[in-house]
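S.K.: The following block contains a protein sequence and its predicted model.
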Amino acid sequence: MDKIFGYQFSTLSFQHTVDKIVELGALRVSAYICVSNVHMLVTAIKSDKFSHVLHNADLAILDGMPLCWSYKIFHRYQPDRIAGRHLMHSLIKESVNRNLSVYIYGSEEYKLTKAAIYLLNNYPGINIAGMYAPPFRLLTESEDNEVVNKINASGANLVFVALGCPKQEIWMSKMKGKINATMLGIGIGLETLTHQQLPTPKWIENIGCEWLFRLIKEPKKLFKRYLITNSLFIKMLLAELFTDKFNKVENY
């Protein structure tokens with residue numbers, strides 16, 4: 001399969017992605033899925049440790065139009081953009097249809113309470129195996145083991161991990177082989193799905209400006225991140241384009 005910037009991302013369609021994750025979850029395969037955007041890619045390129053996490057994901061899906069456009073530029077086709085919020089919605093619907101259970105790890109206690117109310121009201125038949133908001137610090141080894149035991153004992157098929165990038169991906173990588181469920185990093189997907197944050201309008205998603213929408217909502221929190229990551233991504237893209245064109249000329 002084709003790579004961009006040295007990383008292998010899944011180019012499965014939206015529905016095939018849902019089917020694949022549900023299949024893994026139904027078998028309680030210990031696996032993790034990275035919902036990838038520009039921020040995640042740049043973080044991986046800047047950090048060898050996180051690069052290893054992204055490279056070893058069981059599925060790294062494209063949640064970011066700039067990454068989809070990169071495939072169009074370098075490989076002449078554009079895969080589906082799979083937004084975390086929409087993916088989570090479809091996975092929950094499928095979990096209800098197939099009688100699978102979900103566990104939510106991360107976020108904050110009051111947000112989980114609101115999320116539970118929303119999910120129970122809007123997804124009749126949903127089986128919430130459990131929810132846990134960990135403290136804002138590194139857990140001890142015994143606390144980690146307690147979390148593993150709690151999730152495994154719940155019988156969860158899917159674990160939605162809401163810790164934010166890169167913390168959630170590092171956590172999932174650490175828990176692979178320990179937690180008997182398929183883990184999915186959802187970031188703020190839980191909050192937007194349950195309307196605790198204003199979801200990005202579809203037309204803004206389609207033109208690849210979700211980052212701008214979020215920046216307008218939270219300028220103090222996100223300005224530095226987007227200034228750095230977007231600038232680095234543009235630099236990487238130009239460098240990759242230059243290298244690609246140079247190689248074509250050299251091989252002519």
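M.R.: Perfect, thanks for sending it. Numbering: from 1, shown residues only.

S.K.: Any regions of the stretch 151-252 of the chain where pLDDT drops low?
M.R.: Low-confidence segments of the stretch 151-252 of the chain, defined by pLDDT under 70: 198, 211-213, 215, 222, 243-252.

S.K.: can you pull out the helices in it?
M.R.: 167-175, 189-193, 202-206, 210-217, 219-250 (DSSP state H, counting those that start in this stretch).

S.K.: Put together a markdown table for the ones you listed, with mean neighbour count and distance to Val18 on each row.
M.R.: In this view, the C-beta of every residue, glycine as well, is placed from N, C-alpha and C. Below are the helices of the stretch 151-252 of the chain laid out as a markdown table (neighbours: other C-beta atoms under 10 Å; distance: least, C-beta to C-beta, whole Å):
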| stretch | mean neighbour count | distance to Val18 |
| --- | --- | --- |
| helix 167-175 | 20 | 19 |
| helix 189-193 | 22 | 14 |
| helix 202-206 | 12 | 18 |
| helix 210-217 | 16 | 20 |
| helix 219-250 | 12 | 27 |
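
S.K.: Which element, helix or strand, includes Ile104?
M.R.: strand 101-106 (DSSP states H and E).

S.K.: Nearest to Ser107, out of the helices of the stretch 151-252 of the chain?
M.R.: Closest to Ser107 of the helices of the stretch 151-252 of the chain is helix 189-193 (C-beta to C-beta; 6.0 Å).

S.K.: what's the burial count for Val148?
M.R.: Applying other C-beta atoms under 10 Å, we find 14 residues neighbouring Val148.

S.K.: Tell me the secondary structure at it.
M.R.: Assigned with DSSP: H, G, I helix; E, B strand; the rest coil, Val148 falls in the helix class.

S.K.: Now render the helices of the stretch 151-252 of the chain as JSON lines, adding distance to Leu100.
M.R.: Shown next, in JSON lines, are these (distance: least, C-beta to C-beta, whole Å):
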{"stretch": "helix 167-175", "distance to Leu100": "18"}
{"stretch": "helix 189-193", "distance to Leu100": "17"}
{"stretch": "helix 202-206", "distance to Leu100": "27"}
{"stretch": "helix 210-217", "distance to Leu100": "29"}
{"stretch": "helix 219-250", "distance to Leu100": "34"}
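
S.K.: Could you report the separation of Asn206 from Arg81?
M.R.: 8 Å (C-beta to C-beta, to the nearest Å).

S.K.: Which among the helices of the stretch 151-252 of the chain is found nearest to Asp2?
M.R.: That would be helix 219-250 among the helices of the stretch 151-252 of the chain, by C-beta to C-beta, at 12.7 Å.

S.K.: Just list what the closest one packs against, helices and strands only.
M.R.: helix 38-46, helix 65-75, helix 210-217 (3 or more C-beta pairs under 8 Å, 6 or more residues apart in numbering; DSSP states H and E).

S.K.: picking that back up, and the helices of the stretch 151-252 of the chain: which comes nearest Asn152?
M.R.: That would be helix 167-175 among the helices of the stretch 151-252 of the chain, by C-beta to C-beta, at 10.4 Å.
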